[in-house]
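> A structural model of the following input is requested.
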Amino acid sequence: MPLYAGVMSGTSLDGIDLVLVEQTTEPRLLETHYLPMPEPLRQSLLALCSSGPDEIVRSALAEQHWVRLAAQGIQELLEKAQRPASSIRAIGSHGQTIRHMPQEGFSVQIGNPALLAELTGISVVADFRRRDLAAGGEGAPLVPAFHEALFAHPSRVRALLNIGGFSNVSLLTPQQAVQGFDCGPGNVLMDLWICHQKGLSYDAHGAWAATGRVRPELLTQLLSDDFFAATGPKSTGRERFNLTWLKDHLAVLPHSLPAEDVQATLLELTARSISDALTRTQPQAEDIFVCGGGAHNTKLLERLQQLLAPSTLQTTAALGVDPDWMEAMAFAWLAHCCLEGIPANRPSVTGALGLRILGAIYPA
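Okay, the predicted model is just below:
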């Protein structure tokens, strides 16, 4: 059976997830590996998410650094799995998103797949978003097709909820086309705020948020952004939801708020934007399965369960897939689809004009 490696580096910018997958009738996870993002590279990538001087050179240099880190990760993954590079049919590499502006017709992921193929000796499939964008789609989210292939149930109505830097849902209804869209910020604003206030990269288990209280006046301000009221297809990123966006909303309040109350309100924003989206689009969902880094935020999951009752909320571990590796597996699967000529976008999700084969192939 063919083997694929999947490489995913998300909007949280915390590191690179790598998986080894055997593609049978369903993808089977064989091995995993994680490389934390070096802080200088993280800062370089974060700076590229907004306009600045000398962007082309800075992007090219950061891209080379990212690719060498990814190639190191592939080597270490294969060593753990005791597999030679020659046994891998292809690497599915998402690359690192530095700008996502579908309203302008583009989304930029750096990751120099030619260099990755050269360094690893393995064929690389990359650049998955631009064909969907060329067909009039958002180019995101791309994981609903994978969720559909893996988790659609013949009789149960399910929702797959991915909470990374941003949150997105895949709506799986029997006998219907999969639906999906971005809900809004996942961890990104909470991470930015705790870094700004405490110098920490994330709020472990939502512990700091739990010390504060939700401020309705701030929550109302945040939810007034018209992204939340828009219907899908829709996608978003750091271009819209960032620390400046948060500070602008804080500035219009008549008084300052304790930092922990802001964090509690940001957690509520994530929970409300998700629950409002699911209640509006799939109120009959029986099962909701969570993946991504947000699956470890126990305070967030507790609040989501309250808001989404009587639906059952659990992580994708209940389906046999570790929630930390779902997206990397998806890009291994997308590489398989590209090489086999299988369309992997879903017009019902992205708004593209039709089904398209995604990805560009860089032979070893």
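> CA only for contacts and neighbour counts going forward, please
Noted.
> Report the residue spans of the stretch 101-250 of the chain with pLDDT below the cut-off.
In the prediction, the stretch 101-250 of the chain carries no residues with pLDDT under 70.
> Any figure for the gap between the residue nearest to residue 323 when sequence neighbours are not counted and residue 246?
Distances taken as Cα to Cα, 6 or more residues apart in numbering place residue 291 nearest to residue 323, at 4.1 Å, with adjacent residues excluded. Look at residue 291 and residue 246: by Cα to Cα, to the nearest Å, they are 25 Å apart.
> any idea of the mean pLDDT for the lengthiest helix in the chain?
Longest helix in the chain, counting residues (DSSP state H): helix 55-81. The average pLDDT within helix 55-81 is 97.
> buried set for that helix?
The neighbour-count check on helix 55-81 (16 or more other Cα atoms under 10 Å) flags 59, 62-64, 66-71, 73-78 as buried.
> So what touches the next helix-or-strand element following that helix?
Once helix 55-81 ends, the next helix or strand along the chain (criterion: DSSP states H and E) is strand 88-101. Contact with strand 88-101 is made by 2-11, 45-46, 48-50, 106-113, 122-128, 236-239, 331-336, as judged by Cα atoms under 8 Å, 6 or more residues apart in numbering.
> what's the spacing between strand 88-101 and its chain's center?
12 Å (Cα atoms, centre = their mean, to the nearest Å).
> Against residue 48, how distant is residue 99?
For residue 99 relative to residue 48 (Cα to Cα), the value is 8 Å.
> wait, I meant residue 64
Residue 64 is 14 Å from residue 48, by Cα to Cα.
> got the domain boundaries for the chain?
Structural domains annotated on the chain: 3-139+325-362, 142-319, as defined by the TED database.
> In the stretch 201-350 of the chain, what residue spans correspond to strands?
287-291, 312-315 (DSSP state E, counting those that start in this stretch).
> elements contacting the shortest one?
It refers to strand 312-315. Packing partners of strand 312-315 (3 or more Cα pairs under 8 Å, 6 or more residues apart in numbering; DSSP states H and E): strand 287-291, helix 298-308.
> Repeat the analysis, applying 10 Å as the threshold.
Judged by 3 or more Cα pairs under 10 Å, 6 or more residues apart in numbering; DSSP states H and E, the packing partners of strand 312-315 are strand 158-163, strand 287-291, helix 298-308.
> between the ones you listed, which one is nearest to residue 317?
strand 287-291 (8.5 Å; Cα to Cα).
> Paired strands for the closest one, with orientation please.
strand 158-163 (parallel), strand 312-315 (parallel) (DSSP bridges).
> now the angle from it to helix 298-308?
Following axes from the mean of the first three to the mean of the last three Cα atoms, to 10 degrees, one obtains 160 degrees for the angle between strand 287-291 and helix 298-308.
> how distant is strand 287-291 from the center of its chain?
15 Å.
> State the mean pLDDT of it.
Strand 287-291 carries an average pLDDT of 96.
> what's in contact with it?
When contacts are defined by Cα atoms under 10 Å, 6 or more residues apart in numbering, strand 287-291 is touched by residues 151, 156-164, 167, 169-172, 278, 295-296, 301, 305, 308, 310-319, 321-327.
> Show me which of those are buried.
Applying 16+ other Cα under 10 Å to the contacts of strand 287-291, the neighbour count classes 151, 157-164, 167, 169-172, 278, 295-296, 301, 305, 308, 311, 313-316, 321, 323-327 as buried.
> any idea which helix or strand carries residue 5?
Element membership of residue 5, judged by DSSP H and E, is strand 3-9.
> List the pairing partners of the following helix or strand past that strand within its sheet, with orientation.
Once the chain leaves strand 3-9, the next helix or strand it forms, by DSSP H and E, is strand 15-23. Paired neighbours of strand 15-23 in the sheet (DSSP bridges): strand 3-9 (antiparallel), strand 27-36 (antiparallel).
> which parts of strand 15-23 are buried?
The neighbour-count check on strand 15-23 (16+ other Cα under 10 Å) flags 15-23 as buried.
> just stretch 88-103 next, same as before
Under the neighbour-count criterion of 16+ other Cα under 10 Å, stretch 88-103 has 88-102 buried.
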